[in-house]
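[1] fold the following for me, if possible:
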Amino acid sequence: MHKCLRIAELFDVICKQVLATGHQGSLAALCRTCRLFHEPALNVLYKSLESLRPLLFCIPTIFTIGNRITMLKEFRLSDWQRMHYYAKRVHSLRVSDQEEVVIDKTILQALAISSLTPPMFPHLKRLWWSGNSADALPLLCSLVNAKLEWLILHDMDPMLLPRVIPHITSSNSLRVACFPAKYSMRHIHSDVFQSWRNLQNLVCGLVNDAMLYHLATSSKLTHLTIQVDETNDYSALMKLTDQPVFTALQGLDITATHTLHCIPILEIAELPSLHSLHIHSTETGLTDVELHQCFCLISRHCTDLRDLRMKELQVSPPKFPVGYIITFDILNTLFSLHHLEALHLDTTCTFSLNDKELGQLASTWLKLRVLELGTENGWRKPSNITLQGFAELLRRCPVLSAVGLTMNALAPDINHRRPGRGIRRNGLEVLRVADSKITDPLTVAAFLSDVAPNAEITGYEIGYDVYGMLNTRMLYQERWEEVSILHPLLVNLRRQEVAGLEPDEYSRDWE
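    You can find the predicted model right below:
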């Protein structure tokens, strides 16, 4: 054997590379090749398990009948020792009830009441649990230990969670905790959050003001996903008005029935380290005046923001669109966010923008990678943005990979040989056209094949029928479907044309 392979660190790297290629069988064969390889290879092979099955099938008395894993007789001491021999190497474990085979409840109960010392998973640090079987709950509770750093339960039935919570309330090592969005954390005493001193990422449902107070004073919290409602008056946070709060927070995702319930946290807290802000409302959105005030707060308190997403499910309130129009002047309040890379606005409001204003927007945010304006709700009114305005957006934003907006593509005035006039953005991957109007699919497809040859044309399945013009919308949808079919065909034709031309016969390729 080469002396280099006797170096444990080097051999560990080799094992990880073998595992990264997806050849677990090769790693298992490596375990059996040499005694020197056996332990290091086993450590890598069992470090991260996607199921309990690899451990269970180490026991001779466990077998599969149909779609159920069951055991022939009770575990003996030698069975427990054999399983522990492998389980002690597990650092990461996933348990799901979506697998093709189901573990019999007698096995789950046996694993939960194991009297092994030390416990079967002494080094478990990361646990993903999406099993919703009540029979498996005792096992979950036994796996939650003081060393656990990641606990992911967001796919779990909220009705089962109360039995688990008491086992995790005093975990000082917990760094990432994800709970079901429908489970109200108000059932937990607020001091629990204070005991999670090393918490870096929290995903949960409704929180109260006392919990927000503890989270705001955390120096390690970097990502927070929560829900609030009308009962949150933020009185506890107001006591920290003159103190630094959320000092390490980089990502904030906040959901409420009304967007207005999310705004106070932006009024109270300065978030200079925040890179990502997502605001969702499930019932009522903001008027254009309220949205302007919200944008002012974001610009003033979130100066280093890179990703801004606002999504409101309310589509057409009474008197729409009066009082619900996002103009260039409203978007202008966000221009101080010089580092912005992604802007997603799908609000109750519609948009009023033209080609010139879209160009100014593009010139301000040169780092913009994603721009999506009303791609899910649609604009629900005619757009003043033309195909030429879209091409200018691509020219001014060199790194755009996804664009979503409503355009007026009814009568495009283009040169059929070079529709884009030399503008081409090969990096654009997705174009969502929402409720854009269109009359000539072939002409539009020819234009898009020139300016965005690699883009997928999508997003035209808008279901809202604000003005009772369902037939017209279906007609536009059918035409955009035709564009999505013609686009790749025309791209291939252009490539064949270019292949037969001299380099100075075709326009510059903007990349």
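[2] in three-state terms, how would residue 202 be classified?
    When the structure is reduced to helix, strand and coil (DSSP: H, G, I helix; E, B strand; the rest coil), residue 202 reads as strand.
[3] what's the burial count for it?
    Counted by other Cβ atoms under 10 Å, the residues lying close to residue 202 total 24. From N, CA and C alone the C-beta is placed, and that goes for glycine too.
[4] surely it and residue 225 touch.
    Yes - under the criterion of Cβ atoms under 8 Å, residue 202 lies in contact with residue 225, with a separation of 6.9 Å.
[5] ok, which stretches of the stretch 351-500 of the chain are strands?
    370-373, 402-404, 408-409, 430-432, 437-438, 456-458 (DSSP state E, counting those that start in this stretch).
[6] contacts for the longest one?
    It refers to strand 370-373. Contacts with strand 370-373, where a contact means Cβ atoms under 8 Å, 6 or more residues apart in numbering, come from 326, 341-346, 351, 353, 365, 393, 397, 400-406, 432.
[7] same thing but 7 Å
    Counting contacts by Cβ atoms under 7 Å, 6 or more residues apart in numbering, the residues outside strand 370-373 that touch it are 342-345, 351, 400-405, 432.
[8] from those residues, which two are the most distant?
    Considering Cβ to Cβ, no two members of the contacts of strand 370-373 lie farther apart than 351 and 401, which are separated by 21.1 Å.
[9] ok, the two, which is more surrounded?
    When residue 351 and residue 401 are compared for neighbours, residue 351 comes out ahead with 24 against 17, by other Cβ under 10 Å.
[10] hang on, the earlier thing: anything in contact with each of residue 202 and residue 225?
    Joint contacts of residue 202 and residue 225 (Cβ under 7 Å, 6+ apart) do not exist.
[11] CSV please, covering the strands of the stretch 351-500 of the chain and showing mean pLDDT, mean neighbour count and distance to residue 150.
    As requested, these are exported to CSV (pLDDT from 0 to 100; neighbours: other Cβ atoms under 10 Å; distance: least, Cβ to Cβ, whole Å):
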stretch, mean pLDDT, mean neighbour count, distance to residue 150
strand 370-373, 97, 22, 28
strand 402-404, 97, 22, 30
strand 408-409, 90, 22, 48
strand 430-432, 96, 22, 31
strand 437-438, 91, 22, 48
strand 456-458, 94, 18, 34
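[12] dump those strands to a markdown table, plus distance to residue 187.
    Formatted as a markdown table, the strands of the stretch 351-500 of the chain follow (distance: least, Cβ to Cβ, whole Å):
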| stretch | distance to residue 187 |
| --- | --- |
| strand 370-373 | 36 |
| strand 402-404 | 39 |
| strand 408-409 | 52 |
| strand 430-432 | 40 |
| strand 437-438 | 50 |
| strand 456-458 | 41 |
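[13] of all the ones you listed, which lies closest to residue 446?
    With distances scored as Cβ to Cβ, the stretch of those nearest to residue 446 is strand 408-409 (11.7 Å).
[14] just checking: what are the partner strands of that closest one?
    The sheet places strand 408-409 alongside strand 437-438 (parallel), with pairing taken from DSSP bridges.
[15] tell me which of the contacts of strand 370-373 is nearest to residue 105?
    Distance to residue 105 across the contacts of strand 370-373 (Cβ to Cβ) is lowest for residue 344, with 44.4 Å.
[16] tell me what the closest one is bridged to.
    Under the criterion DSSP bridges, residue 344 forms beta bridges with residue 309, residue 372.
[17] ok so, going back, among the strands of the stretch 351-500 of the chain, which is nearest residue 336?
    Evaluated with Cβ to Cβ, these place strand 370-373 nearest to residue 336, the distance being 17.3 Å.
[18] quick check, pLDDT for the residue nearest to residue 258 when sequence neighbours are not counted.
    For residue 258, ignoring the flanking residues on the chain, the nearest one in space by Cβ to Cβ, 6 or more residues apart in numbering is residue 284 at 4.3 Å. We have a pLDDT of 89 for residue 284.
[19] count of residues packed around residue 284?
    The criterion is other Cβ under 10 Å. On that basis, residue 284 has 16 neighbouring residues.
[20] what of residue 483?
    For residue 483, the number of neighbouring residues by other Cβ under 10 Å comes to 26.
[21] residues contacting it?
    Contact criterion Cβ under 7 Å, 6+ apart gives 441, 444-445, 448, 457 as the residues in contact with residue 483.
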